[in-house]
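*Asks:* just to be clear, the model below is a prediction. Sequence and coordinates:
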Protein chains: 2
Amino acid sequence: MKRILILGAGLSATSLIDYLISKSEIFDWKIVIGDMDIALAEKKTNNHPNAKAVRFDTNEIEKIESLVSGMDVVVSMLPARFHDLIAAECLKQGINMATASYVSPYLLQIDEELKAKSLTFLNELGLDPGIDHMSAMQVIDRIRAKGGRLTAFYSFTGGLIAPESDDNPWNYKFTWNPRNVVLAGQGVSQYIINGRYKYIPYHKLFERVMPRTVLNFGEFEVYPNRDSLKYRKIYDIENIQTMMRGTMRRPGYCEAWNVFVQLGCTDDTYTIENSEKMTYRDFINSFLRYDLVKPVEEKLCENLNLDPDGETMSKLKWLGIFEDKPILLNNASPAQILQKLLESKLSLNKHDKDMIVMQHEFEYLLDNKLHKIVSAMGYIGKDTVNTAMSITVGTPLAIAVKLLLTDKISSKGVIIPTKPELYEPILAEMEDYGIRFIEKESVVD
Amino acid sequence: MKRILILGAGLSATSLIDYLISKSEIFDWKIVIGDMDIALAEKKTNNHPNAKAVRFDTNEIEKIESLVSGMDVVVSMLPARFHDLIAAECLKQGINMATASYVSPYLLQIDEELKAKSLTFLNELGLDPGIDHMSAMQVIDRIRAKGGRLTAFYSFTGGLIAPESDDNPWNYKFTWNPRNVVLAGQGVSQYIINGRYKYIPYHKLFERVMPRTVLNFGEFEVYPNRDSLKYRKIYDIENIQTMMRGTMRRPGYCEAWNVFVQLGCTDDTYTIENSEKMTYRDFINSFLRYDLVKPVEEKLCENLNLDPDGETMSKLKWLGIFEDKPILLNNASPAQILQKLLESKLSLNKHDKDMIVMQHEFEYLLDNKLHKIVSAMGYIGKDTVNTAMSITVGTPLAIAVKLLLTDKISSKGVIIPTKPELYEPILAEMEDYGIRFIEKESVVD
């Protein structure tokens, strides 16, 4: 019998928990689910005899010692900031660990110790990071194996609303943490095109979009992610001349979102005095020049060169940014005010479904010819609990935990799924769950 | 006999040291000048029998204890980050202190202790902060005294090149820390106009300029400083409906500087890979879209909507941003690369003179009429040692130290010069040094 501790029973843990419980009899697993909301954890056990709920509050992190004790693996679905503390305890007690989050600097520090203790800490096993690594590396390794030289790699992911639930002019709803959406792209975006480094400051990011079509999911636009350069090392393609990762939105989203960026509405570094006395119209006006006569709408169109009757202005009007409706937030940052407005308009309805799209594009030279591979995946969620986001984050992590507990993973230390022993079985099994990449290969004339 | 310790003998300390030495016989002062460059400190004593030089290295900050011992006042001209350490020692030994820098959070903490020990710590006694506070408060207090109600206050300062040394298309040279000029304005700028809060993000700042004429110094343009709102409290005008502080440049500077802001060249938060192998042309190109055919100049003009034959493009070409000249900086941030280029073109020549301009504009209601006062000061430096910057920073601080040592300052604790007992005598004596405000008052029809 093996024992699994899952920390965090929130939305994103649903698929993971369901998968592990469904395999618990075959493999003889006992599963403990810890959450500060014990009722939630109990619900997630589905009354299965192999699963039990315990109360675990991250404010009492010292209780982790006894919780972890005797486990074979600890899976953390908590916010990423707690992972290092849990990792330290797992290291101490000699227990394996798994998360969907990025490898932290602390994990890199303990890598040698983990190897010395023959422990495996699995990371970046969700959607992005996760499925992106696995699906990209499978193609990259295949190109390498047949002697091709990779010259360009683009990789795009989007968490969006499914076409059947797409009923607003932004063609967007929040299917994940709204705060992250509001702050997305802040800092500088770095990539490389034909050997030239490219740096895009945040205030230019949403103007640098590229159109893309994905399978039968229709049209999208892509803006570059923050750091595409670091993936050259992760994928062992350090001499590649073109490398860019990006985020997908429906066409027109970026032009409208850029209005908030240009105005300064996404700034989270200061608070607005008397925000509790302001309306959304006052809020927008506070970023525009004082004018005794001109209405806010006119000043905005002039300042950002917008067509008063265009698509972007209809998106903005639909959101209610010009309405004299009170904000009712004390001492709020612009980003917090914007988030409140967006949440009132762009949240999922009870019957909405979300959608994940991912597309990789590879160019490589083989036999003096330039080849192109497009590999794309689209996945639509089942409902507001079994969302595409939670299924695509939880399923690869759950499969990886199974592989670990059934001794299919030989790698020790801090692992991300860029090696065949992980990506091959995980990608193969994910197809059973409908998470599947479709490939098109062509030779460029 | 009173003893003065001056820490730091750099460029900005020249006027201060000269002033205090010149008064040392009348008032029977002994002056100790500490600098890590003992030769520099010795030179600044001018062989005066009342002055002596000591070696003081900020890397051996523990030596401060014995240096400070027995002093009546310690004047710190060191970089502001050292002031708290020195202040703590002065508090311990019961010695007064003076600087031209902003009041730090630490000073606010020890204010009560200082008062209990009857100590006076003078701060913000340079140009800006310093002369700006004093000259503004003198007018504000006068308006209040005659029963006027202040409705608007604008205050603008510029450190620029004197007209006789103005020989480049930017009408600008570095007369102070170049790094601060490159990073100027980052963050959000906050002010209030007719009761409406206004917030300008950095990427819009240099587009929001206002034209101004100052005395017979000609035409300028002004961009808003970061936080104008906090000055409402400092000047005890918390209900004012219009308040903005700003920085003055010659017309056309901001439009050209904005090109660097828009591109992202002033970013100091990341480093550019392989910067040592790049030319300035590569550097500019790295912020523009990849294009197989179009030259950098054309891409820049298209991206930022610049006239290829306009003033801004000639400013940029004059700087050499399109030249294939190697940068020769390892792992540099964009801001560091830009600074290196600017320093090669915009540094002071041997015979150059600098210039300070400051202008306050007040509007107030009295007897149901709207009055306007414009109060302006312009000051041209003597040479590259006795710069306008060093004279306008050092003179008010030196006069304040004299007032303190001659028991003319009754205030205890942490002081800035917003009270008449400071601003009246300092502004009066500064006139002897040619630092003088000219006022124009009018009634608005």
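*Replies:* That came in fine, so what should we check first?
*Asks:* what sits against the spatially closest residue to A:Asn96 that is not a sequence neighbour?
*Replies:* Sequence neighbours aside, A:Val73 is the residue nearest to A:Asn96 in space, at 4.4 Å (criterion: Cβ to Cβ, 6 or more residues apart in numbering or on different chains). In this view, the C-beta of every residue, glycine as well, is placed from N, C-alpha and C. By Cβ atoms under 8 Å, 6 or more residues apart in numbering or on different chains, the contact list for A:Val73 reads A:Lys2, A:Ile4, A:Leu5, A:Ile95, A:Asn96, A:Met97, A:Ala98, A:Val401, A:Leu404, A:Leu405.
*Asks:* surely the second one meets A:Ile31?
*Replies:* Read that as A:Ile4. Yes: look at A:Ile4 against A:Ile31 with Cβ atoms under 8 Å: they come within range, at 4.8 Å.
*Asks:* more neighbours: which of these two?
*Replies:* A:Ile4 (27 against 22; other Cβ atoms under 10 Å in any protein chain shown).
*Asks:* helix, strand, or coil at the more buried one?
*Replies:* Secondary structure, DSSP: H, G, I helix; E, B strand; the rest coil: A:Ile4 is strand.
*Asks:* enumerate every residue touching it.
*Replies:* For A:Ile4, the set of contacting residues under the criterion of Cβ under 8 Å, 6+ apart consists of A:Leu20, A:Trp29, A:Lys30, A:Ile31, A:Val32, A:Met71, A:Asp72, A:Val73, A:Val74, A:Val75, A:Val401, A:Leu405.
*Asks:* tally up the residues packed near A:Trp189, please.
*Replies:* I think there's a mix-up here, since residue A:189 is Ser and not Trp. By other Cβ under 10 Å, 24 other residues sit near A:Ser189.
*Asks:* counting by contacts, list what the helix or strand it falls within packs against.
*Replies:* Taking DSSP states H and E as the definition, one finds A:Ser189 inside strand A:188-193. With contacts defined as 3 or more Cβ pairs under 8 Å, 6 or more residues apart in numbering or on different chains; DSSP states H and E, the packing partners of strand A:188-193 are strand A:196-201, helix A:202-205, strand A:218-224, strand A:242-249.
*Asks:* dump stretch A:45-61 to CSV, restricted to CA.
*Replies:* What follows is stretch A:45-61 as a C-alpha-only set of coordinates in CSV (Å, rounded to 0.1, in the frame of the first residue of the first chain):
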residue,chain,number,x,y,z
THR,A,45,-13.2,12.3,-1.3
ASN,A,46,-16.6,11.3,-2.9
ASN,A,47,-17.0,9.0,0.2
HIS,A,48,-14.5,6.6,-1.3
PRO,A,49,-13.1,4.2,1.3
ASN,A,50,-9.5,4.8,0.1
ALA,A,51,-9.8,8.6,0.6
LYS,A,52,-10.0,10.7,3.7
ALA,A,53,-10.2,14.4,4.5
VAL,A,54,-8.2,16.3,7.1
ARG,A,55,-8.2,20.0,8.0
PHE,A,56,-5.0,21.8,7.0
ASP,A,57,-4.6,25.5,7.4
THR,A,58,-1.6,27.1,5.8
ASN,A,59,-1.6,29.5,8.8
GLU,A,60,-0.6,26.5,10.9
ILE,A,61,2.2,25.4,8.6
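*Asks:* buried residues in it, which are they?
*Replies:* Using 16 or more other Cβ atoms under 10 Å in any protein chain shown as the burial criterion, the residues of stretch A:45-61 that qualify are A:Thr45, A:Asn50, A:Ala51, A:Ala53, A:Phe56, A:Thr58.
*Asks:* and the two most separated of those?
*Replies:* Using Cβ to Cβ, the buried residues of stretch A:45-61 reach their maximum pairwise distance at A:Asn50 and A:Thr58, which is 25.2 Å.
*Asks:* that older thread, Throw the buried residues of stretch A:45-61 into a markdown table and include pLDDT, distance to B:Ile86 and secondary structure, thanks.
*Replies:* Shown next, in a markdown table, are the buried residues of stretch A:45-61 (pLDDT from 0 to 100; distance: Cβ to Cβ, whole Å; DSSP: H, G, I helix; E, B strand; the rest coil):
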| residue | pLDDT | distance to B:Ile86 | secondary structure |
| --- | --- | --- | --- |
| A:Thr45 | 96 | 62 | helix |
| A:Asn50 | 97 | 66 | coil |
| A:Ala51 | 97 | 63 | strand |
| A:Ala53 | 97 | 58 | strand |
| A:Phe56 | 94 | 49 | coil |
| A:Thr58 | 87 | 42 | helix |
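*Asks:* for these, give me CSV that also has distance to chain B.
*Replies:* Formatted as CSV, the entries for these read as follows, by distance: Cβ to the nearest Cβ, whole Å:
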residue, distance to chain B
A:Thr45, 46
A:Asn50, 49
A:Ala51, 46
A:Ala53, 44
A:Phe56, 37
A:Thr58, 30
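*Asks:* mind putting those residues into CSV with distance to B:Tyr223?
*Replies:* Supplementary listing: the buried residues of stretch A:45-61 in CSV, determined by distance: Cβ to Cβ, whole Å:
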residue, distance to B:Tyr223
A:Thr45, 61
A:Asn50, 66
A:Ala51, 62
A:Ala53, 59
A:Phe56, 52
A:Thr58, 45
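*Asks:* quick one on the thing from earlier: okay if I get the helices and strands packed on strand A:188-193 as TSV plus distance to B:Pro251, mean neighbour count and mean pLDDT?
*Replies:* Putting the helices and strands packed on strand A:188-193 into TSV (distance: least, Cβ to Cβ, whole Å; neighbours: other Cβ atoms under 10 Å in any protein chain shown; pLDDT from 0 to 100) gives the following:
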stretch	distance to B:Pro251	mean neighbour count	mean pLDDT
strand A:196-201	26	21	97
helix A:202-205	24	22	98
strand A:218-224	36	20	97
strand A:242-249	40	22	97
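*Asks:* any chance of these in CSV, with distance to B:Leu11 too?
*Replies:* CSV is the format used below for the helices and strands packed on strand A:188-193 (distance: least, Cβ to Cβ, whole Å):
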stretch, distance to B:Leu11
strand A:196-201, 34
helix A:202-205, 36
strand A:218-224, 44
strand A:242-249, 47
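*Asks:* including distance to chain B, could these go into CSV?
*Replies:* Rendered in CSV, the data for these read as follows (distance: least, Cβ to the nearest Cβ, whole Å):
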stretch, distance to chain B
strand A:196-201, 3
helix A:202-205, 4
strand A:218-224, 11
strand A:242-249, 9
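*Asks:* mind listing the helices for the stretch 251-400 of chain A?
*Replies:* Secondary structure of the stretch 251-400 of chain A, counting by DSSP state H, counting those that start in this stretch: helices at A:253-263, A:280-285, A:296-304, A:311-319, A:334-346, A:388-405.
*Asks:* for A:Val182, pull up the helix or strand it's in.
*Replies:* Remark: A:Val182 resides in helix A:178-183, with elements defined by DSSP H and E.
*Asks:* ok, and for that helix, which residues are buried?
*Replies:* Those buried within helix A:178-183 under the rule 16+ other Cβ under 10 Å are A:Pro178, A:Val181, A:Val182, A:Leu183.
*Asks:* distance check, the last one against B:Asn225.
*Replies:* When you say that, I think you mean A:Leu183. Distance of A:Leu183 to B:Asn225, computed by Cβ to Cβ, to the nearest Å: 26 Å.
*Asks:* the second one too?
*Replies:* When distance is defined by Cβ to Cβ, A:Val181 is 32 Å away from B:Asn225.
*Asks:* equivalent analysis for the first one, please.
*Replies:* Taken as Cβ to Cβ, the spacing of A:Pro178 relative to B:Asn225 amounts to 33 Å.
*Asks:* mind pulling up the pLDDT for whichever residue of the stretch 1-150 of chain A sits closest to chain B?
*Replies:* When distances are taken as Cβ to the nearest Cβ, the stretch 1-150 of chain A approaches chain B most closely through A:Pro105, which lies 16.9 Å from it. Here, the pLDDT recorded for A:Pro105 equals 96.
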